[in-house]
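[1] just a sequence and a predicted model for now, questions to come.
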Amino acid sequence: MIKKFSHIAVLMGGFSKEKEVSLNTGRACSKALKEAKYQVSDIIVDKNLLQNLMTMKPDACFNALHGSYGEDGNIQGLLNTLQIPYTHSGVTASSIAMNKLYTKNIISDMTKNNDKPIVFPKNLKFKNRKDYKPFFPIVIKPISGGSSVDIQIIHDFEKFKSLFPKYYNNKMMIEPFVGDKELTVTVLKNKPLTVTEIIPQKNNNYYNYDSKYKKNASLHIIPANIPQMIFDQAMKWAQDAHKILGCSGISRTDFRYDSINQKLYMLEINTQPGMTETSLAPEQAKFLKIEMLELVDLLVQEAKYEEL
């Protein structure tokens, strides 16, 4: 295949709480790009990013950033202005997917069965235990952010009440903690790959930060051993969400599955899925015989900037 670009700048690090994850993703992608015979420049993103880009003059950027600034539309807007092609999604898809509340509102017509989240602090009112008894267990999570940073699973009112002062002034949301299985689907170039079931180890009851990034902290069953109807529904919802939000290149959609009631719940869409050695997206690609070298090459070939 004739390469569309030669010199690739890999953007990693950044300013978010997910900086270390981004560095691991960036190093893995940089290594694969070099093996794919690209000229690669690694850029640890800081306040000198603009100067570094103008000095290096890359043909395209591989966006390996996670969290705020990297996957919320900010870096995408800068690269659009500079007319530098970049991997993954553009401004609109990135900014919407980064906000879990916006995403849920957009996909609600498709999923039907997702409960409307409660948002801290605007529409949260409680006076006693009775007000919240039906909700438990609940999950408290940031409206924006990834890698399961700052997520809490709460099983009783007293625990929730003790945490309330900590979260009151933050942009957090509350949802019922549903289902008993964690599922995920990667979409690559508008096509869903497969469904993975994630089983966190070490007594974790959900796919938290350690489960995602520590070796042997979670078991991945691929393909997931679930009813075909649920498998197909997860594949379709992930593909539809990718298209509805206008995602590009690659995305990963996470689900919870209630195996007792045969009900699937969509949690969120990740426009910058992790690409580390423990990450789900490259694992699903490899299951379909797409090695890391080919995966990063496919993403670079899809790189583009959005016309202003």
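    Looks like it came in fine. Numbers count the residues shown, from 1 in each chain.

[2] show me this protein divided up by domain.
    7-88, 96-113+178-294, 118-176 (automatic domain parsing).

[3] quick check: which of those is buried the most?
    domain 7-88 (a mean of 20; mean count of other Cβ atoms under 10 Å). All C-beta atoms are positioned from the backbone trio N, CA, C, and that covers glycine.

[4] and the strands in the stretch 51-200 of the chain?
    Remark: strands assigned in the stretch 51-200 of the chain by DSSP state E, counting those that start in this stretch are 60-63, 118-119, 138-142, 152-154, 172-176, 181-188, 191-200.

[5] neighbouring strands - and their directions - for the third one?
    In the sheet containing strand 138-142, the strands it pairs with under DSSP bridges are strand 152-154 (antiparallel), strand 172-176 (antiparallel).

[6] Gln39: which of the ones you listed is closest?
    Proximity to Gln39 (Cβ to Cβ) singles out strand 172-176 among the strands paired with strand 138-142, at 43.1 Å.

[7] quick one: average pLDDT of the closest one?
    The pLDDT scores in strand 172-176 average 79.

[8] can you check stretch 252-266 too?
    pLDDT averaged over stretch 252-266 gives 93.

[9] before we move on, back to that, how about the strands paired with strand 138-142 in TSV, adding distance to Leu78?
    Listed next are the strands paired with strand 138-142 as TSV, based on distance: least, Cβ to Cβ, whole Å:
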stretch	distance to Leu78
strand 152-154	33
strand 172-176	28
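
[10] quick one on the thing from earlier: ok, which of the strands of the stretch 51-200 of the chain comes nearest Pro273?
    strand 181-188 (6.7 Å).

[11] report the inter-axis angle for the closest one versus strand 191-200.
    Taking axes from the mean of the first three to the mean of the last three Cα atoms, to 10 degrees, one finds that strand 181-188 is oriented at 150 degrees with respect to strand 191-200.

[12] list the contacts of strand 181-188.
    192-200, 206-207, 224, 226, 234-235, 237-239, 242, 247, 249-257, 259, 264, 273, 280-281, 284-285, 290, 295, 298 (Cβ atoms under 8 Å, 6 or more residues apart in numbering).

[13] mind checking how far that strand is from the chain centre?
    Remark: strand 181-188 is offset 10 Å from the chain centroid, using Cα atoms, centre = their mean, to the nearest Å.

[14] for Asn105, give its distance to His242.
    Using Cβ to Cβ, to the nearest Å, Asn105 is found at 17 Å from His242.

[15] brain fart, Ala285
    15 Å.

[16] what does Met266 give?
    12 Å.

[17] find the residues that touch each one of those two.
    Common neighbours of Met266 and His242 (Cβ under 8 Å, 6+ apart) are Thr253.

[18] where does pLDDT dip in the stretch 51-200 of the chain?
    By pLDDT under 70, the weakly predicted segments of the stretch 51-200 of the chain are 113-135, 145-150, 164-170.

[19] about what we covered before: sort out for me which of the contacts of strand 181-188 are in helices.
    Applying DSSP state H to the contacts of strand 181-188, the entries found in helices are Ala234, Met235, Trp237, Ala238, Gln239, His242, Leu280, Ala281, Gln284, Ala285, Leu295, Leu298.
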